[in-house]
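Peer 1: Provided below are the primary sequence and the corresponding predicted coordinates.
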Amino acid sequence: MWTYAALSLGKEDNINMFHSLAWSAVSGTLLYLCGFFHAFHWPQITWICLTTVGSVLSLAKHGDKIKLTLGNYVFTLTLMLFIYIKGGAFQYFNS
């Protein structure tokens with residue numbers, strides 16, 4: 001998903017609810033397998049809230065056009081990596 005977003009910087013794209021929900025399911029599964037959900041603290045709660053808000057917004061704005069900027073991309077990538085690291089998603093690489 002991050003690669004696709006990087007390749008589409010500055011281009012108009014349609015919001016697709018089905019793509020958003022499918023990617024949320026895939027990323028949730030991968031995070032579970034990486035150990036992110038072995039504890040339940042603020043990073044997990046924040047991830048669930050942000051994913052829920054994103055899913056509801058993609059449902060409400062399905063089909064609308066959006067233009068991703070470099071600032072939006074860097075902010076979301078930094079925020080999500082921070083949440084993943086603080087939540088322990090990469091704990092198996094450190095042991």
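Peer 2: Everything's here; your move.

Peer 1: and the gap between residue 40 and residue 51?
Peer 2: According to Cβ to Cβ, to the nearest Å, residue 40 stands 15 Å off from residue 51. (Each C-beta comes from the backbone N, C-alpha and C, glycine too.)

Peer 1: the two: who's more crowded?
Peer 2: residue 51 (17 against 10; other Cβ atoms under 10 Å).

Peer 1: how much space between the closest residue to residue 47 other than its chain neighbours and residue 8?
Peer 2: Closest residue to residue 47 apart from its sequence neighbours, by Cβ to Cβ, 6 or more residues apart in numbering: residue 83 at 5.6 Å. Residue 83 sits 23 Å away from residue 8, going by Cβ to Cβ.

Peer 1: can you check residue 51 too?
Peer 2: 21 Å.

Peer 1: what does residue 40 give?
Peer 2: Residue 40 is 34 Å from residue 8, by Cβ to Cβ.

Peer 1: now the strands for this protein?
Peer 2: 12-14, 65-67 (DSSP state E).

Peer 1: all set, thanks.
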